[in-house]
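Colleague: what's the 3D shape of this:
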Amino acid sequence: MHVSRKYRRTKRSTIARRNIKTKTMQDNNDIPEYMKFVILWAVVLFMIFFTSCSKEDTYILGHDFEIDARLDIDNNGYYHLELGQDWQTLHRISGQVSEVANEYELTRVEWTSSHYWLIGDTLGYIVHQNWTLNDNGYLYLNNDTSYVTWFNGQEVTTINNASYSTMDGEINTMFAPVQSMEGDTITIIGQAYFADGIVSEQEIIQIVIDG
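Modeller: This next block holds a predicted model:
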């Protein structure tokens, strides 16, 4: 019986493929069961690690910052706080920064107030003149106004110097003017320091102290 060369080549090719397939199956069967288990878990862990790295690569820290005085505001943009009966009137100033995914990324907010008072002094208070320029001009205000250029650790600011945000971005600080400041306007400045080193623009509010 005559068999063409083409047929013989096809037959040899088919037999070769079958032999390779059979050898591969035999090789796979030679792998111990515990090794298959280890390989499977290695693949799973690699996929988890790759996915987590991809998420971190796309995470961007936000830089939003705004202050909420939690007070009524007049037509000129001034907030109004009514003094209570005690020497100090406590009021919580709030605000919002961008939320974060980790506790080590919490935002620090630094606060500055234009007004101070001295421990034991119930007659007057101190206003930092040109205070945004960081000069040393302070004005002591009472019935006999005069300049002071010294402090001895007795001065008390009317706002906490710093606070940290929550993970969802809420910020709070305490504002506490005193009775002798009635009728004056206090300037409050807040500035946010984000975990990636970015510093926000200053947010400024002005609060009129009503009696």
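
Colleague: the protein: helices as residue ranges?
Modeller: Secondary structure of the chain by DSSP state H: the helices cover 5-30, 33-58.

Colleague: so, low pLDDT: which residues of the protein?
Modeller: For the chain, applying pLDDT under 70 flags the ranges 1-38, 44, 49-59, 119-126, 128-154.

Colleague: go again using 80 as the cut-off
Modeller: Scanning the chain with the threshold set as pLDDT under 80 gives 1-59, 118-155.

Colleague: got a list of what the nearest residue to Gln88 once chain neighbours are set aside touches?
Modeller: Distances taken as CB to CB, 6 or more residues apart in numbering place Ala176 nearest to Gln88, at 4.6 Å, with adjacent residues excluded. C-beta: built from backbone N, CA, C; applies to glycine. Ala176 sits next to Gln88, Thr89, Leu90, His91, Thr158, Ile159 when contact means CB atoms under 8 Å, 6 or more residues apart in numbering.

Colleague: closest to Tyr78 among those?
Modeller: Within the contacts of Ala176, the smallest distance to Tyr78 is 14.9 Å, found for His91 (CB to CB).

Colleague: isn't the closest one up against Thr173?
Modeller: No. With contact defined as CB atoms under 8 Å, His91 does not count as touching Thr173 (9.9 Å).

Colleague: out of the contacts of Ala176, which end up buried?
Modeller: Using 16 or more other CB atoms under 10 Å as the burial test, the contacts of Ala176 include Gln88, Thr89, His91, Thr158, Ile159 as buried.

Colleague: switch the residues you listed over to TSV; also include distance to Met181.
Modeller: Below are those laid out as TSV (distance: CB to CB, whole Å):
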residue	distance to Met181
Gln88	10
Thr89	9
His91	13
Thr158	8
Ile159	12
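
Colleague: which stretches in this structure count as strands?
Modeller: 65-68, 72-73, 79-82, 91-97, 108-113, 115-118, 125-128, 138-141, 146-148, 155-157, 162-164, 170-175, 185-193, 203-210 (DSSP state E).

Colleague: what's the closest non-adjacent residue to Ser165?
Modeller: Thr107 is the one closest to Ser165 (CB to CB, 6+ apart), at 4.3 Å.

Colleague: so the one you found touches Gln191, yeah?
Modeller: No. Applying CB under 8 Å, one finds Thr107 not in contact with Gln191, separated by 10.6 Å.

Colleague: and those two? Which one has more around it.
Modeller: Thr107 (25 against 16; other CB atoms under 10 Å).
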